[in-house]
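[1] The following block contains a protein sequence and its predicted model.
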Amino acid sequence: MYDFAANNPPRLKDAYLTYRLPFARVRVQGGRFRTRLSLEGGTSAQNTTFLERGLLSTFVPARDTGFLFLGDHPDLDRHLWWAVGLIQPENQFDVGAKDSFGVSGRFAYAWRDQESLDLLHLGVSVLRRPVRETVRFLERPESHLAPEFVDTGDILASSTGNVIGEAALVRGPFSLQSEFGTALVDATDAANPRFYTMYVYASYFLTGESRRYRSSRASFGGIRPRRPFTDFTDAYGAVEIAFRYSYLDLDDKGISGGILNDFTAALNWYPNNNARVMANLVRAKRSGVGGNWIFQIRLQWAY
């Protein structure tokens, strides 16, 4: 996949090969691909509930280069998914002069009711990699066009480690999702700081739809309206409301990166399987500084 809009100049997004081993339900994937860390990180932007991912994305690179072993072990009402390998994360938070290859892994397990399609998902992700010079964590509120609100500055370090726990519950039109992450920096000139982040959100479909789980990727897919919109009759597509709280703490051991709290309300309309209209109202507050209101809309067509 080549992206003509997201970067200046445009650049390659996804380019990888996958081979399924003939003697096991294991695939080998190599190239450049979307990160396999965290539940939101592994979900396409076409299918996320909110316009922007939560503040947990501070610790989750958008793209990786490397290779992975992936396993997919489905059952009637249970599903195990895992991915381990060596990856070089995309340099989105200024990790040293160049990114370094590290060891990553994600393990997820889901229980699913075959009749109601109710779902419970649990998972954990880990990433450990060396740092060649310095590490720096900075983040915007949940709006890509906003400036950075929190920033640790450069920290002399030898390596970093990330651990992320994930959970999701789907019961009919209602869903609840949360993730918690921590980043431990092995500093070379000071005590080792540890930073934290989390989010939790709830969503509800006023029209009765349910979030679709993609067991082959241990993430969520797109919404299929029960009654796709055709004209101004009773076929009006799917309508979803959602609320999210995100937290990011970049203060520790003499590092004053800041603490950011985001509160987001969302209204989504899915006219059909391919179209989506999204509106988000965000209240972003940095501790000791104050808050800002952000309103944003997306019109989306995906096929």
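    Great, that's in hand. These numbers were taken from a predicted model, which means no experiment stands behind them.
[2] So in terms of bridging, what pairs with Gly181?
    Ile164, Thr197 (DSSP bridges).
[3] Flag the shaky bits of this protein, pLDDT-wise.
    Residue ranges of the chain with pLDDT under 70: 1-12, 91-99, 231-233.
[4] let's see 50
    The chain contains residues with pLDDT under 50 at 7-10, 93-97.
[5] quick one, helices of it?
    Applying DSSP state H to the chain gives no helices.
[6] For Ser158, which non-adjacent residue is spatially closest?
    What sits nearest to Ser158 in space, not counting adjacent residues and going by CB to CB, 6 or more residues apart in numbering, is Asp186, at 4.9 Å. Backbone N, C-alpha and C define where each C-beta goes, glycine included.
[7] what about the one you found, how many residues close to it?
    16 (other CB atoms under 10 Å).
[8] which residues sit in contact with it?
    Shown in contact with Asp186 (CB atoms under 8 Å, 6 or more residues apart in numbering): 131, 157-161, 192.
[9] Buried ones among those?
    Neighbour-count burial (16 or more other CB atoms under 10 Å) is assigned, among those, to 131, 157, 159-161.
[10] now, which of these sits nearest Leu267?
    Comparing those against Leu267 with CB to CB places Thr160 closest, at 37.1 Å.
[11] ok, that closest one - contacts?
    Contacts here follow CB under 8 Å, 6+ apart; on that basis Thr160 touches 95, 127-129, 131, 135, 183-186.
[12] neighbours of Tyr109, just the number please.
    Other residues near Tyr109 come to 16 when the count uses other CB under 10 Å.
[13] sorry, back to before: can I get the contacts of Asp186 in CSV including distance to Leu117?
    Below are the contacts of Asp186 laid out as CSV (distance: CB to CB, whole Å):
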residue, distance to Leu117
Val131, 43
Ala157, 45
Ser158, 47
Ser159, 42
Thr160, 38
Gly161, 36
Asn192, 44
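[14] Tell me the one among these nearest to Arg276.
    So of the contacts of Asp186, ranked by how close each gets to Arg276 (CB to CB), first place is Thr160, at 35.2 Å.
[15] what about the spatially closest residue to Arg20 that is not a sequence neighbour, how many neighbours?
    In this structure, Arg20 finds its nearest non-sequential neighbour in Arg27, 4.9 Å apart by CB to CB, 6+ apart. Using other CB under 10 Å, Arg27 has 16 neighbouring residues.
[16] cool, Gly222 as well?
    The number of residues packed near Gly222 is 15, by other CB under 10 Å.
[17] Am I right that it is in contact with Asn273?
    Yes: the criterion here is CB atoms under 8 Å, and Gly222 meets it with Asn273 at 6.7 Å.
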